[in-house]
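no FASTA, just this:
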Ligand SMILES: Nc1ncnc2c1ncn2[C@@H]1O[C@H](COP(=O)(O)OP(=O)(O)OP(=O)(O)O)[C@@H](O)[C@H]1O
Ligand SMILES: [Mg+2]
């Protein structure tokens, strides 16, 4: 899908969570791997998802803190977890941040930027979204 502005990206985020909520797993967290270059719109998409889930705190990029956890109220999930693996070199580093614990909880929905850096610890049944820069205001978002 092509989005030409923030509003369209927010609409896509809404559509994505509507689809994903129908498939809540009982085996573990819902993991969403977001592929795409710098500035392609991954963090922007998670902000839109958080807004849709009713998160009131401002969602900022977790580049420096790696992981942020937002509590959700009255939603299909209890926690929205936003991970930026840009600075991680392996799945082991993600494990050191408590990955096993958060990824086994079906009440968690986890969005990961730069998933290829930690690929070996991600579940096979992860959802994948790709983001592509088309021009200044246009992005292609696919799942
Ligand atoms: N149609 C659009 N959808 C989403 N973002 C857009 C769109 N057009 C322009 N932008 C802008 O593109 C930028 C995307 O930045 P964002 O931080 O979301 O990228 P990112 O993929 O998380 O990058 P990084 O890998 O550096 O974390 C934002 O400044 C946003 O306002
Ligand atoms: Mg980002």
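Looks like it arrived, so ask away. Treat the numbers as computed from the prediction; the structure is a model and nothing was measured. Ligands and ions are numbered 1, 2, ... in the order given.

What is the burial count for the residue lying closest to residue 139 once chain neighbours are set aside?
Using CB to CB, 6 or more residues apart in numbering and skipping the chain neighbours, the partner closest in space to residue 139 is residue 41 (4.6 Å). Glycine gets a C-beta too; all of them are placed from N, C-alpha and C. Burial of residue 41, expressed as a neighbour count using other CB atoms under 10 Å, amounts to 23.

partner residues bridging residue 70?
For residue 70, the beta-bridge assignment (DSSP bridges) gives partners residue 80.

contacting residues for it?
50, 53, 55, 57, 59, 79-82 (CB atoms under 8 Å, 6 or more residues apart in numbering).

Let's have those in TSV, adding pLDDT, neighbour count and distance to residue 139.
Written out in TSV, the entries for these read as follows (pLDDT from 0 to 100; neighbours: other CB atoms under 10 Å; distance: CB to CB, whole Å):
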residue	pLDDT	neighbour count	distance to residue 139
50	96	21	18
53	96	21	21
55	94	18	22
57	76	9	25
59	78	19	18
79	97	17	27
80	97	24	21
81	97	22	23
82	97	27	18
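
Dump these to CSV, plus distance to residue 140.
Shown next, in CSV, are the contacts of residue 70 (distance: CB to CB, whole Å):
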residue, distance to residue 140
50, 22
53, 24
55, 26
57, 29
59, 22
79, 29
80, 24
81, 25
82, 22
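
a markdown table please, covering the residues you listed and showing distance to ligand 2.
Formatted as a markdown table, the entries for the contacts of residue 70 read as follows, by distance: CB to the ion, whole Å:
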| residue | distance to ligand 2 |
| --- | --- |
| 50 | 13 |
| 53 | 18 |
| 55 | 16 |
| 57 | 17 |
| 59 | 11 |
| 79 | 19 |
| 80 | 15 |
| 81 | 14 |
| 82 | 9 |
